[in-house]
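1. task: produce atomic coordinates for the following.
(2 chains)
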Amino acid sequence: MSDSPGELLSIQSLRVDLAGARILDDVSLSIREGELVALIGANGSGKTTLLRATMGLVKSTGTIHWNRSARVASSSPFVGEAGQGRERQPTSNRTPRPRGELLAPDEGRPAIAVQKLHVKELAQIVSYLPQNPTSIPGQTVTQAILLGRHARRGMLDFTDTAEDCRVLGESTRAIGVEGFFDRTLESLSGGQRQRVFLARCLAQESPTLLLDEPATFLDLKHQVELYQLLRKLVHEHGRTILMACHDLNLAAMHADRMILLDGGKLVADGTPDALMTPETIGKAFGVRMKRIDVDGKPHLIPVE
Amino acid sequence: MNAARVVTVSMVPRTLTAKRWLACVLGGTALLLLVLTLSLMVGSTGDFGLPAGPLGREILQTRLDKIILAMLVGAALAGAGCAYQAVLRNDLADPYLLGISSGAALASYLWRLPAVANYLAASVPILAAMSQQGFAFVGAIAASLVVLFIAGARGRFEPSTLILTGVIVSTVCAAVMMLIFTMVKSLPGSGYFQSVLIGELQTSLTTQQVVLAAVLIVGGLIVIGLRLPILNLVSLSADEARALGVNISRERAVTLIAASLVTAAAVSVSGPIGFVGLIAPHVARRIVGVDLRLAMPIASIGGAILLVAADAILRYLAGVHAVNTIIPIGVATALLGGPFFLVLLFQKRKGDA
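-> Numbers count the residues shown, from 1 in each chain, chains lettered A, B, ... in the order given. A predicted model of the protein is given here:
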């Protein structure tokens, strides 16, 4: 693959078969630094499988390359506050290096196949939030968020360090859940809980976030707030986001780019304005659509 | 009016610092030492206080031996219980309820049979040289494989199916032991049989047996202890754990083996004492929270306290003409643990509804 600058993820001719059925068919795409990309498509179009394959969680053919030298962008306050003067090297000596024999063929190149990445190094460059994250009964917000620190801990780090506390503070501030530290997850509302899981992703200090329908189960107000928060994470906190989502109009309003899947194939990839046409979307979802632009943003509504 | 509602906002996160961890563990240890001291003073004739007279030292030594064994077994079962609960994502898991204790007990019972021992010595010397712990370990692993295979047949462990399978494996193991007991009359040691059936701290152990069990228990608990930060993540879904940087299948296997080793070592010196691995972790979580890095050490200390206290109470009861003989400790833990289990189950049902 070409190691073009700013490219964080590159997928070429990805195929996934599950139980004899082809779930993804010849999907190629790339994600660049500083984008908020919305992955859309009908139920069963392969959104979740694409995200899981990208994390190396399902068997696939084709190539999935991650840029291992990617860092949280330097404009981020995360780096600004504590990162100054401190080297933020890809493999700091605190974290274990991936196994040598697996590393050797790609040594020196920033792009590496997901299968060759050590599970801990992968967790340092990308965070993944599945559709139904587990909340362990009785777990506090603090404990849940600090689980994200595992990827950054050494073998012998047993208790929480000052560094963990700093990241906890910054993640909760960015997400707006400070003050909930000692609440248990089950005492939170769905929207608050989803924010805690996002904070857990931020605590990994990974440049890329993969989110699988993070707005599910949220009411309209919380959905809007969530999208605004995601924009903030991209523009103020130096993250890059690829998210599967159901609400086309909210996605079109907030995303920089949209990718449309239909029956396991990538059928469109472009700006919301280019992609949100009644023909393209209507065909993929099997619904007649009408487009209305509000404040320069495309909206599609189903019509009889 | 909501204006008057008091909102408690905590601005300082309660993280698990090294200082807090040490304070909790030292506090628990102090409590254990207190219970241990009190237990040393309880006599089997109903007297209380340090034994005097010419036999004083010897009596004290006998009590201490049993207390040390109670501590070891209690810590082992509670620690293993924590590990099973995390790895199987099932907070009703317990080495006994999973059938693993009974598997270990059956295997170590077989080892005790002269016929088996003679046969092995003649045919497979290597197996004969393996101690009782080795046999118990094989039994524990075999039982856990059977339970996990049957309960996990549909790809995931449905919590109640897992426990049901474990209890049935446990019942079958007990029946096999009963069968052998009625067929073979040449049994070593009096009262031994009831102890392999329900669990009792054995008093006829050689120093070598106790030391070996202690080494295995402490070693296994350290292996589990070092993995506690990871075990916190293993309770999540497999996808999440991997995405957070955990090689979940490897961690599960290592933890299950370590927990089975610890269980086997405990069972080989005590028989299948039940419910300690259920009660202690639950109480520990209530006190210090669900973070395993703290909950597991506290549960182990709690398990030790539980068995030391139960042992002292049973010794006292034997003294005050309530009963004439010492009741097996497994009876006490089952009488305590059975209702405890039912209450937990009831609360879970209510929570699910």
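2. and the residue of the stretch 151-300 of chain B that's closest to chain A?
-> As assessed by C-beta to the nearest C-beta, chain A sits closest to B:G245 within the stretch 151-300 of chain B, at 3.3 Å. (C-beta placed from N, C-alpha, C; glycine too.)
3. quick one: whatever residue of the stretch 201-304 of chain A ends up closest to chain B from B:G245, how far?
-> Closest residue of the stretch 201-304 of chain A to chain B, C-beta to the nearest C-beta: A:Q204 (7.2 Å). Distance, A:Q204 to B:G245, by C-beta to C-beta, to the nearest Å: 8 Å.
4. more neighbours, these two?
-> A:Q204 (27 against 24; other C-beta atoms under 10 Å in any protein chain shown).
5. I figured that one was touching A:A123, is that so?
-> Yes: with contact defined as C-beta atoms under 8 Å, A:Q204 reaches A:A123; the gap is 5.9 Å.
6. joint contacts of those two?
-> A:A151, B:L244, B:G245 (C-beta atoms under 8 Å, 6 or more residues apart in numbering or on different chains).
7. the first one: what's it in contact with?
-> A:A151 makes contact with A:T95, A:K120, A:A123, A:Q124, A:Q204, A:S206, B:L244, B:G245, according to C-beta under 8 Å, 6+ apart.
8. tell me the confidence at the fifth one?
-> Spelled out, that is A:Q204. We have a pLDDT of 95 for A:Q204.
9. mean confidence score for the longest helix seen in chain A?
-> Assignment by DSSP state H gives helix A:220-235 as the longest helix of chain A. For helix A:220-235, the mean pLDDT works out to 92.
10. list the helices and strands that helix packs on?
-> strand A:36-41, helix A:162-175, helix A:190-203, strand A:240-244, helix A:248-254 (3 or more C-beta pairs under 8 Å, 6 or more residues apart in numbering or on different chains; DSSP states H and E).
11. what number of residues lie near the residue nearest to B:V269 when sequence neighbours are not counted?
-> Of all residues not flanking B:V269 in the chain, B:A213 sits nearest, at 4.6 Å (C-beta to C-beta, 6 or more residues apart in numbering or on different chains). B:A213 is flanked by 27 other residues according to other C-beta under 10 Å.
12. list the contacts of B:A213.
-> Taking C-beta under 8 Å, 6+ apart, one finds B:L72, B:Q133, B:A265, B:A266, B:S268, B:V269 in contact with B:A213.
13. okay but B:V147 is in contact with B:V169, surely?
-> Yes: between B:V147 and B:V169 there is a contact under C-beta under 8 Å: 5.5 Å.
14. which SSE is A:S30 in?
-> Here A:S30 sits within strand A:21-32, counting by DSSP states H and E.
15. what angle do that strand and strand A:36-41 make?
-> 160 degrees (axes from the mean of the first three to the mean of the last three C-alpha atoms, to 10 degrees).
16. and strand A:21-32, what does it pack against?
-> With contacts defined as 3+ C-beta pairs under 8 Å, 6+ apart, strand A:21-32 has these neighbours: strand A:7-18, helix A:47-54, strand A:61-67, strand A:240-244, strand A:265-270.
17. which residues of chain B lie near chain A?
-> B:9-18, B:20-21, B:91, B:228-230, B:232-233, B:235-237, B:239-240, B:242-247, B:285, B:289-291, B:293 (C-beta under 8 Å from any C-beta of the partner chain).
18. and the shared contacts of A:Q204 and A:A123, which is closest to A:F180?
-> Nearest to A:F180 among these is B:L244, at 20.5 Å by C-beta to C-beta.
19. show me the contacts for the closest residue to chain B within chain A.
-> Relative to chain B, the nearest point of chain A is A:A123 (3.3 Å; C-beta to the nearest C-beta). For A:A123, the contact set (C-beta under 8 Å, 6+ apart) comprises A:H150, A:A151, A:Q204, A:S206, B:A243, B:L244, B:G245.
20. any chance of the helices and strands packed on helix A:220-235 in TSV, with distance to B:V116 and mean neighbour count too?
-> Formatted as TSV, those follow (distance: least, C-beta to C-beta, whole Å; neighbours: other C-beta atoms under 10 Å in any protein chain shown):
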stretch	distance to B:V116	mean neighbour count
strand A:36-41	62	25
helix A:162-175	53	19
helix A:190-203	53	23
strand A:240-244	59	25
helix A:248-254	69	20
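21. contact partners for B:Y84?
-> Contacts of B:Y84 (C-beta under 8 Å, 6+ apart): B:N90, B:A93, B:D94, B:P95, B:L98, B:I100, B:L256, B:A259, B:G277.
22. now the fifth one: closest residue in space that isn't a chain neighbour?
-> Spatially, and ignoring its direct neighbours in sequence, B:L98 is nearest to B:G166 (3.9 Å; C-beta to C-beta, 6+ apart).
23. in this structure the residue of the stretch 151-300 of chain B closest to chain A contacts A:I125, no?
-> No: assessed by C-beta under 8 Å, B:G245 is found out of contact with A:I125, at 10.7 Å.
24. so, low pLDDT: which residues of the chain?
-> I'll assume chain A. Along chain A, the parts satisfying pLDDT under 70 run over A:1-5, A:73-109.
25. oops, wrong one, chain B.
-> In chain B (pLDDT under 70), the answer is B:1-11, B:46, B:125-131, B:153-157, B:185-192, B:321-324, B:351-353.
26. element containing the residue most central in space within it, please.
-> The residue lying closest to the centre of chain B (C-alpha atoms, centre = their mean) is B:L77, at 1.4 Å. Element membership for B:L77 (DSSP H and E) is helix B:56-87.
27. chain center to that helix: distance?
-> Counting by C-alpha atoms, centre = their mean, to the nearest Å, helix B:56-87 is centred 9 Å from the centre of its parent chain.
28. list the buried residues in it.
-> B:59, B:63, B:66-87 (16 or more other C-beta atoms under 10 Å in any protein chain shown).
29. include distance to A:V224 and secondary structure when you put the contacts of A:A151 into TSV, please.
-> Output for the contacts of A:A151, formatted as TSV (distance: C-beta to C-beta, whole Å; DSSP: H, G, I helix; E, B strand; the rest coil):
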residue	distance to A:V224	secondary structure
A:T95	37	coil
A:K120	35	helix
A:A123	30	helix
A:Q124	31	helix
A:Q204	26	coil
A:S206	25	coil
B:L244	28	coil
B:G245	32	coil
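30. farthest pair in those?
-> A:T95 and B:L244 (13.7 Å).
31. who has more neighbours, these two?
-> Remark: of A:T95 and B:L244, B:L244 carries more neighbours, 27 against 20, as counted by other C-beta under 10 Å.
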